[in-house]
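Sequence first, predicted coordinates after that:
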Amino acid sequence: MLTSQSFADRLVAEKFNFFTGVPCSLLSGLISNLEDRDDVSYYPAVREDAAVGLCAGAYMAGQSPVLLMQNSGLGYSLNAFTSLNLIYNLPVLVVMSWRGFGGKDAPEHIIMGDISEPLLETSGMPHAVVDPGDAEGAEKALALALDTIRNKKIPFTLLVKKGLYNEGHQ
């Protein structure tokens with residue numbers, strides 16, 4: 001079973017050691033887990049584009065960054081990704097909650113939910129969808145992310161559906 005604890009453990013085992021992001025209720029369990037750990041640090045950011053900058057700096061300082069964000073922040077951060085990470089080959093693993101998926105969410109999330117994947121595709125940012133309860137699919141998505149980050153040196157987004165990392169402390 002996928003949990004915030006098992007996913008955080010997996011990221012640390014893969015040598016990710018710098019975590020930042022903007023709070024999102026759908027990622028609350030994962031964020032709480034990272035904040036409670038002694039072996040890594042989580043640095044909250046005020047906006048998603050600022051978190052992209054923090055990850056770029058962390059990578060240039062020899063860290064392996066992970067950015068946690070809600071898909072509504074994709075609009076804020078898209079310019080930073082395209083004008084910084086993609087052209088200067090600054091990899092980061094992005095764990096992005098998918099608010100508004102399938103038209104089921106608060107009204108303010110529906111439009112961004114519909115266009116998140118097309119925005120990622122148009123901007124040249126590879127991604128994979130992670131579903132709750134699909135541990136095998138999540139493992140394949142993470143393997144693809146690791147390959148992309150390590151070999152192409154560009155960001156990779158795990159687009160996470162509701163119900164995966166908001167279970168609270170594990």
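Structure received. Residues are numbered from 1 along each chain as shown.

Which strand residues bridge the residue nearest the centre of the chain?
Centroid check for the chain by CA atoms, centre = their mean gives Val95 as the closest residue, at 1.5 Å. Counting by DSSP bridges, Val95 forms beta bridges with Leu68, Leu158.

Provide the backbone phi and psi angles at Asp131.
When read as degrees, to the nearest 10, the backbone of Asp131 gives phi -100, psi 140.

Quick check: nearest residue in space to it, chain neighbours excluded?
Leaving aside its chain neighbours, Asp131 sits nearest to Lys161 (5.3 Å; criterion: CB to CB, 6 or more residues apart in numbering). C-beta here means a position set from N, CA and C on the backbone, and glycine is covered the same way.

Return the residues in contact with that neighbour.
98, 101, 129-132 (CB atoms under 8 Å, 6 or more residues apart in numbering).

the strands in this protein, which residues?
18-21, 41-44, 65-70, 93-97, 127-130, 156-160 (DSSP state E).

Using a markdown table, lay out the ones you listed together with distance to Ile115 and mean pLDDT.
Below are those laid out as a markdown table (distance: least, CB to CB, whole Å; pLDDT from 0 to 100):
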| stretch | distance to Ile115 | mean pLDDT |
| --- | --- | --- |
| strand 18-21 | 21 | 98 |
| strand 41-44 | 26 | 96 |
| strand 65-70 | 14 | 97 |
| strand 93-97 | 13 | 97 |
| strand 127-130 | 13 | 96 |
| strand 156-160 | 12 | 97 |
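
Please convert the ones you listed to a markdown table, extending it with distance to Tyr59.
Formatted as a markdown table, those follow (distance: least, CB to CB, whole Å):
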| stretch | distance to Tyr59 |
| --- | --- |
| strand 18-21 | 8 |
| strand 41-44 | 14 |
| strand 65-70 | 6 |
| strand 93-97 | 11 |
| strand 127-130 | 19 |
| strand 156-160 | 13 |
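
how about those strands, which one is nearest Ala138?
strand 127-130 (4.9 Å; CB to CB).

Can you list the strands that the closest one pairs with?
Using DSSP bridges, strand 127-130 pairs in its sheet with strand 156-160 (parallel).
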